[in-house]
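[1] test case, fold it:
(chains A and B)
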2 protein chains.
Amino acid sequence: MNIIKVSADSRTSAVAGAIAGVIREHRRADVQAIGAGAVNQSVKAVAIARSYLQEDGIDVVCVPEFTSVDIEGKERTAIRLVVEPR
Amino acid sequence: MNIIKVSADSRTSAVAGAIAGVIREHRRADVQAIGAGAVNQSVKAVAIARSYLQEDGIDVVCVPEFTSVDIEGKERTAIRLVVEPR
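    Okay, here's the model as predicted:
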């Protein structure tokens, strides 16, 4: 699995490049974020990745879902954005 | 146009209900958010709306894009999530 973990400090253009690269290779990228700042950076990154991928003729959409992750023994709720061609 | 404006204080279940209602009627809902807290609430609301709509056999995805909005004479960058059937 190729999970791209995003934090509030992640650079959107770097995350967008990672998303575009994973999509080109695997046709699907999972972006995971915990907290409002990280979710915001993730959504912006998907918007930017869309423009990168449109140049390749790939039209991606995203599907947001809740997921549980274990952070140092504590269960936290994360947001996962599944990015895939429409 | 049916733009659902979301703030950081919006209740996710209420926004999810609004999204589901607009999708059922118009097959497309535009969700607009300014700032990390509002974007976070919007994404969570879309995830919840997905589960509401799956009960109706409607599988929605979202397409994030940047947009400019005028707030009291100042141009702000907002995130728009276009929600539509896959």
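
[2] could you tell me which ranges of chain A sit under the pLDDT cut-off?
    A:1 (pLDDT under 70).

[3] regarding it, what is its longest helix?
    Longest helix in chain A by number of residues (criterion: DSSP state H): helix A:36-54.

[4] so what does that one touch, helix or strand wise?
    strand A:3-6, helix A:12-26, strand A:29-33, strand A:60-71, strand A:74-85, helix B:36-54, strand B:60-71, strand B:74-85 (3 or more C-beta pairs under 8 Å, 6 or more residues apart in numbering or on different chains; DSSP states H and E). C-beta coordinates here come from the backbone N, C-alpha and C atoms, glycine included.

[5] please redo it, this time with the cut-off set to 7 Å
    Where contact means 3 or more C-beta pairs under 7 Å, 6 or more residues apart in numbering or on different chains; DSSP states H and E, helix A:36-54 is packed against strand A:3-6, helix A:12-26, strand A:29-33, strand A:60-71, strand A:74-85, helix B:36-54, strand B:60-71.

[6] okay, that helix in CSV with CA atoms only?
    Taking C-alpha atoms only, helix A:36-54 is exported to CSV below (Å, rounded to 0.1, in the frame of the first residue of the first chain):
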residue,chain,number,x,y,z
ALA,A,36,-7.6,20.2,10.5
GLY,A,37,-4.3,21.6,9.4
ALA,A,38,-3.2,18.3,7.8
VAL,A,39,-6.6,17.7,6.2
ASN,A,40,-6.4,21.3,4.7
GLN,A,41,-3.0,20.6,3.3
SER,A,42,-4.2,17.3,1.8
VAL,A,43,-7.2,18.8,0.1
LYS,A,44,-5.0,21.6,-1.4
ALA,A,45,-2.5,19.0,-2.5
VAL,A,46,-5.2,17.0,-4.3
ALA,A,47,-6.4,20.2,-6.1
ILE,A,48,-2.8,20.8,-7.3
ALA,A,49,-2.2,17.2,-8.2
ARG,A,50,-5.4,17.3,-10.4
SER,A,51,-3.8,20.1,-12.5
TYR,A,52,-0.5,18.1,-12.8
LEU,A,53,-2.4,15.0,-13.9
GLN,A,54,-4.7,16.8,-16.3
